[in-house]
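Peer 1: Sequence and predicted structure, then a few things I'm wondering about:
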Amino acid sequence: MKLKGLEVKKDDTLDFVVDFNGEITDDEFVWAPLIQMKSASAANAGQMVEWNAATQFGGPPVPPATPLERYAQTLLLTNEFLFLD
């Protein structure tokens, strides 16, 4: 989708709704919007500013597992937990 000339004012919000009627499952989507605009700041007036959803918006990183979580995962992978006698 290409949209030119959309006027956005300060404190406006752009919402992106993704829907795909294909074979994608588990709330996946393949569309990554690219937003380009001319800077309105006095220091960079007229320069192009770009936001790329594929590279800049990835969500927060997953924190590493705690020792207790790692221990629980290890126990769940043992034969005693995996198989019933």
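Peer 2: Structure's in. What do you need? Residues are numbered from 1 along each chain as shown.

Peer 1: For the rest of this, base every contact and every neighbour count on C-alpha atoms.
Peer 2: Noted.

Peer 1: Would you map the helices across the protein?
Peer 2: 53-56, 67-76, 79-82 (DSSP state H).

Peer 1: how far out from the middle of the chain is the last one?
Peer 2: Put plainly, it is helix 79-82. Helix 79-82 sits 36 Å away from the centroid of its parent chain (CA atoms, centre = their mean, to the nearest Å).

Peer 1: Just the buried residues of it, please?
Peer 2: In terms of neighbour count (16 or more other CA atoms under 10 Å), helix 79-82 has no buried residues at all.

Peer 1: Okay, now the unreliable bits of the protein?
Peer 2: Residues of the chain meeting the criterion pLDDT under 70: 1, 18-29, 42, 85.

Peer 1: From Val30, how far out is the residue most central in space within the chain?
Peer 2: Centroid-nearest residue in the chain: Gly58, 3.7 Å away (criterion: CA atoms, centre = their mean). Distance of Gly58 to Val30, computed by CA to CA, to the nearest Å: 13 Å.

Peer 1: And Ala72, by the same measure?
Peer 2: 34 Å.

Peer 1: and what of Thr55?
Peer 2: Applying CA to CA to Thr55 and Val30 gives a distance of 13 Å.

Peer 1: next one: Gln36
Peer 2: Distance of Gln36 to Val30, computed by CA to CA: 19 Å.

Peer 1: the strands in the chain, which residues?
Peer 2: Secondary structure of the chain (DSSP state E): strands located at 34-38, 48-52.

Peer 1: Tell me the strands beside the first one, with direction?
Peer 2: Taking DSSP bridges as the criterion, strand 34-38 sits next to strand 48-52 (antiparallel) in its sheet.
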